[in-house]
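Engineer: Got a sequence here, can you build the structure:
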Amino acid sequence: MSFTSCFLRRIVARHLATANVVRCGMSVIALDKQLEFDFERYCVVNSRILSLVHKSSVGEVQCPPGAVDIRRTLQKWTILKDQNITEHSGPLTEHPWDSLVTFYLASSSHLEALLQTAGMATQHSGHCPVYLTDIEMLPVGPFNGKLLVTMHPMASKLVAEAVERMTAVGFAPVHIGDPSCMGISDLQVPHSGLPVYLKDDDVPVFWPSSLTAQLAVQFARPSLAYIGNWNGFSSEKPAIASFSSQQIFPVHLVKLHKEGRRCISSVVSNPILGAITRLEDCLVAGSWRKGVKELQQFSRGSLLQAAASLSHSRHVAITTGFPCHMHRIPPDETDGPPGILAIVRSLIACGKQVTIITDQRVSFLRKTIEQALKKYVPQSQDVAVISYPPVHTNTADMITAKEFLFDQSTGKIRFDHLVALERAGPNYEGRYLTMTAKDVSHLCDPVDQLFTLACETNIKTIAVGDGGNEVGFGKLCDKVAQFVDNGDKIACVVPADHLIVSGVSNWGGYAIAAALYLLRRCPLHVPYVKRGICSEPVRLDAPLDEFMPSVKEERELLSFLMDAGLRDGILPNQMMSVDGRTFDDCHAVKIREIWKLAGTD
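Structural biologist: Residues are numbered from 1 along each chain as shown. Predicted coordinates for the structure are as follows:
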């Protein structure tokens, strides 16, 4: 057993032996005064994980000052001395303390007391399992290590209220749902503590553990340190916040999952939820396409789910391409490239890695997008533009798709998200048809194979479309046939996890960019995405133009694309228009509307 594992098991065993959910718990750590500044700074920069309640002066043994003598009160201690660990039973009155500073951090039994006060006590009654995650804490000096979490299973109907109440008193969860997202492979095999079995309706909710601080102390290898757990901190003490005296921030849980997979949830505040809902409504307002408003009714909420999922992403691959003009060179339309470039811009602003996928057959479009990236998308120098199928092969099948999506040396996925915007998709016969049912299959590489394969993996898929013949509408095939002209012929059979129906696909791209901007201004969502590991406050003043292009920029981009040969997908002549409507009279108005909605307080 490693030194770290031995240390963790000892401190957890002692913690469980003294756990008491009726009274609040504190993790007590006494360190040499030379480490005082670094450890206090470690707690501050990781304050969303570690709740430092009190710090003593040098040599002080009372907490609060003038109250109990902590050396006598605690009867079980772990002593770290010269890289050795010993367990001590009884008081520490005979051990040196004059040069030590004592830190008191709220522990998991503190959380248990709060949950019990709120009528939400969980089944383990204080004996909660502890899991070691793959999430690195922010280091300070010699203090470092990974995040330790406790898991509290809750009935799904209670989760939102629990998150609201606990966040209000400084105990926000770091994750809700699938434990593999934090590197936890099996809930029934905790790193330490007792396993808990989930009921059918239970959702695993993970909260930061103060044992994280104890692990950091072990990594620092101090010459002398005392560690204990104190469960005698009464709920009447100031450290316990009163629910009635706190502001409760309404929380909305966003479920991000596929059927048959373990659920993953994100959190947003209700004001941000309202703003993104209004963005989604504006996507079909004023639409002239038949069936668009009806189709959106069957995918409502997808904009929030898609944006929240992208907010949690690491590496996003995005694609577009609908060759409407089969007898023209180039055959590509102006709906698509502006939308994906807006999404790319917002993903870069969020710090994500982005790759753009184009058809192998259409080298022209790849070069045009590369040029547009450099000219119109800030900080896009690291965005790769690649082809599918890869240029080294002339075949395109599911084996090729698997080799494309997975790193062949490690077996890991290359992208955790795939996004298709105005991407031609196959119908039930495998043919790619325009809105008028013209066959353009010979102009389309089967990029949709990547989305089909993604359904069998942990890769999340997002699609934006406006006609029913684009990738993503596989989940609404019957509705496309019902509400769209030629729908029974043109409907794409390839589904996506989250389908955004928009009057014009570009508008959906703008809305995703605006939604990501709103999420980045949400004081609940950002710390949750970062698993609580964020030392800087949420930027409520982040400029929207970092995430979304202006009307002026989009007008210039459209002019550039038309100079390169792209044209309106409906009008035969090259005009400053998209999908049959001129830019200034229609699309500029929609961009301004989205800008205004994204500025909602």
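Engineer: Okay, now the unreliable bits of the stretch 201-350 of the chain?
Structural biologist: Across the stretch 201-350 of the chain, the ranges flagged by pLDDT under 70 are 232-249, 257-262.
Engineer: With the chain instead?
Structural biologist: 1-24, 64-66, 109-110, 113-114, 116-127, 232-249, 257-262, 392-394, 535-540, 600-601.
Engineer: For my notes, confirm Val419 occurs in a strand.
Structural biologist: Yes. Under DSSP: H, G, I helix; E, B strand; the rest coil, Val419 falls within a strand.
Engineer: how many neighbours does it have?
Structural biologist: 36 (other CB atoms under 10 Å). Placement of C-beta: from N, CA and C, glycine included.
Engineer: contacting residues for Val385?
Structural biologist: Contacts for Val385 were tallied using CB atoms under 8 Å, 6 or more residues apart in numbering; they are 355-356, 358, 366, 369-370, 373.
Engineer: Repeat the analysis, applying 10 Å as the threshold.
Structural biologist: 354-358, 365-370, 373 (CB atoms under 10 Å, 6 or more residues apart in numbering).
Engineer: Which residue comes closest to it once chain neighbours are left out?
Structural biologist: Leaving out its chain neighbours, the residue that sits closest to Val385 by CB to CB, 6 or more residues apart in numbering is Ile356, at 4.6 Å.
Engineer: Could you look up the SS state of that neighbour?
Structural biologist: Ile356 ends up strand, using three-state DSSP.
Engineer: quick one: it and Thr320 touch, right?
Structural biologist: Yes. Using CB atoms under 10 Å, Ile356 is in contact with Thr320, at 8.3 Å.
Engineer: quick one: common contacting residues for the two?
Structural biologist: Common neighbours of Ile356 and Thr320 (CB under 10 Å, 6+ apart) are 337, 340-341, 343, 369, 419.
Engineer: Provide the secondary structure category for Cys492.
Structural biologist: Cys492 is classified as coil under three-state DSSP.
Engineer: where along the stretch 1-150 of the chain do the helices fall?
Structural biologist: Under the criterion DSSP state H, counting those that start in this stretch, helices of the stretch 1-150 of the chain are mapped to 3-17, 36-45, 70-73, 108-117.
Engineer: For the second one, name the packing helices and strands.
Structural biologist: Put plainly, it is helix 36-45. Packing partners of helix 36-45 (3 or more CB pairs under 10 Å, 6 or more residues apart in numbering; DSSP states H and E): strand 24-32, strand 52-55, strand 100-106, helix 211-220.
Engineer: can you redo these as JSON lines with distance to Gly472 and mean neighbour count?
Structural biologist: Output for the helices and strands packed on helix 36-45, formatted as JSON lines (distance: least, CB to CB, whole Å; neighbours: other CB atoms under 10 Å):
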{"stretch": "strand 24-32", "distance to Gly472": "48", "mean neighbour count": "25"}
{"stretch": "strand 52-55", "distance to Gly472": "47", "mean neighbour count": "18"}
{"stretch": "strand 100-106", "distance to Gly472": "45", "mean neighbour count": "23"}
{"stretch": "helix 211-220", "distance to Gly472": "41", "mean neighbour count": "24"}
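Engineer: Quick one: closest of those to Met182.
Structural biologist: Each of these was scored for nearness to Met182 using CB to CB, and the closest is helix 211-220 (12.8 Å).
Engineer: Name the residue in Ile356 and Thr320 with the higher neighbour count.
Structural biologist: Counted by other CB under 10 Å, Ile356 and Thr320 do not tie: Thr320 has more neighbours, with 33 against 25.
Engineer: roughly how far out does the helix or strand hosting that one sit from the chain middle?
Structural biologist: In this structure, Thr320 sits in strand 315-321 according to DSSP states H and E. Computed by CA atoms, centre = their mean, to the nearest Å, the separation of strand 315-321 from the middle of its chain amounts to 18 Å.
Engineer: Each with direction, which strands does that strand pair with?
Structural biologist: strand 353-359 (parallel), strand 417-423 (parallel) (DSSP bridges).
Engineer: now, of the ones you listed, which is deepest in the fold?
Structural biologist: strand 417-423 (a mean of 30; mean count of other CB atoms under 10 Å).
Engineer: immediately after it, which helix or strand?
Structural biologist: Immediately after strand 417-423, counting by DSSP H and E, sits helix 448-454.
Engineer: Which among the strands paired with strand 315-321 is found nearest to Leu303?
Structural biologist: Judged by CB to CB, the one of the strands paired with strand 315-321 that comes nearest to Leu303 is strand 417-423, at 12.8 Å.
Engineer: Could you confirm Asn458 falls within a strand?
Structural biologist: No. Using three-state DSSP, the secondary structure at Asn458 is coil, not a strand.
Engineer: quick thing: my sequence starts at 691, can you match it?
Structural biologist: Fine by me, first position is 691 from now on; the one you just mentioned is Asn1148.
Engineer: ok so, going back, got CSV for the shared contacts of Ile1046 and Thr1010, with secondary structure too?
Structural biologist: Shown next, in CSV, are these (three-state DSSP):
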residue, secondary structure
Pro1027, helix
Ile1030, helix
Leu1031, helix
Ile1033, helix
Ile1059, helix
Val1109, strand
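Engineer: Out of those residues, which is nearest to Lys1220?
Structural biologist: Closest approach between the shared contacts of Ile1046 and Thr1010 and Lys1220, by CB to CB: Ile1033, at 21.2 Å.
Engineer: do you know how far the closest one is from Ala1039?
Structural biologist: Going from Ile1033 to Ala1039 by CB to CB, to the nearest Å gives 11 Å.
Engineer: wait, what's in contact with the residue lying farthest from the centre of the chain?
Structural biologist: The outermost residue of the chain, judged against the average C-alpha position, is Glu784 (49.9 Å), by CA atoms, centre = their mean. Residues in contact with Glu784 (CB under 10 Å, 6+ apart) are Arg761.
Engineer: now the one 4 residues further on
Structural biologist: For Asp788, the contacting residues are 723, 748-749, 751, taking CB under 10 Å, 6+ apart as the criterion.
Engineer: out of those residues, which is most surrounded?
Structural biologist: Val751 leads the contacts of Asp788 on contacts (other CB under 10 Å) with 19 neighbours.
Engineer: Is it correct that that residue is in contact with Arg761?
Structural biologist: Yes. Here Val751 reaches Arg761: they are 5.2 Å apart, a contact under CB under 10 Å.
Engineer: Which neighbours do these two have in common?
Structural biologist: 720, 782-783, 787, 792.
Engineer: can you pull out the strands in the stretch 941-1090 of the chain?
Structural biologist: 941-946, 954-959, 1005-1011, 1043-1049, 1074-1078 (DSSP state E, counting those that start in this stretch).
Engineer: and these as a markdown table, adding distance to Cys1212?
Structural biologist: Output for the strands of the stretch 941-1090 of the chain, formatted as a markdown table (distance: least, CB to CB, whole Å):
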| stretch | distance to Cys1212 |
| --- | --- |
| strand 941-946 | 10 |
| strand 954-959 | 5 |
| strand 1005-1011 | 20 |
| strand 1043-1049 | 22 |
| strand 1074-1078 | 30 |
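Engineer: out of these, nearest to Ser1249?
Structural biologist: strand 1005-1011 (18.6 Å).
Engineer: Which among the helices and strands packed on helix 726-735 is found nearest to Val879?
Structural biologist: Among the helices and strands packed on helix 726-735, the nearest to Val879 by CB to CB is helix 901-910 (17.3 Å).
Engineer: what ranges do the helices span in the stretch 941-1090 of the chain?
Structural biologist: 960-972, 982-986, 992-1001, 1027-1039, 1053-1066, 1088-1095.
Engineer: okay, these in JSON lines with mean neighbour count and distance to Tyr916 next?
Structural biologist: Shown next, in JSON lines, are these (neighbours: other CB atoms under 10 Å; distance: least, CB to CB, whole Å):
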{"stretch": "helix 960-972", "mean neighbour count": "19", "distance to Tyr916": "44"}
{"stretch": "helix 982-986", "mean neighbour count": "20", "distance to Tyr916": "61"}
{"stretch": "helix 992-1001", "mean neighbour count": "26", "distance to Tyr916": "41"}
{"stretch": "helix 1027-1039", "mean neighbour count": "27", "distance to Tyr916": "46"}
{"stretch": "helix 1053-1066", "mean neighbour count": "17", "distance to Tyr916": "57"}
{"stretch": "helix 1088-1095", "mean neighbour count": "17", "distance to Tyr916": "51"}
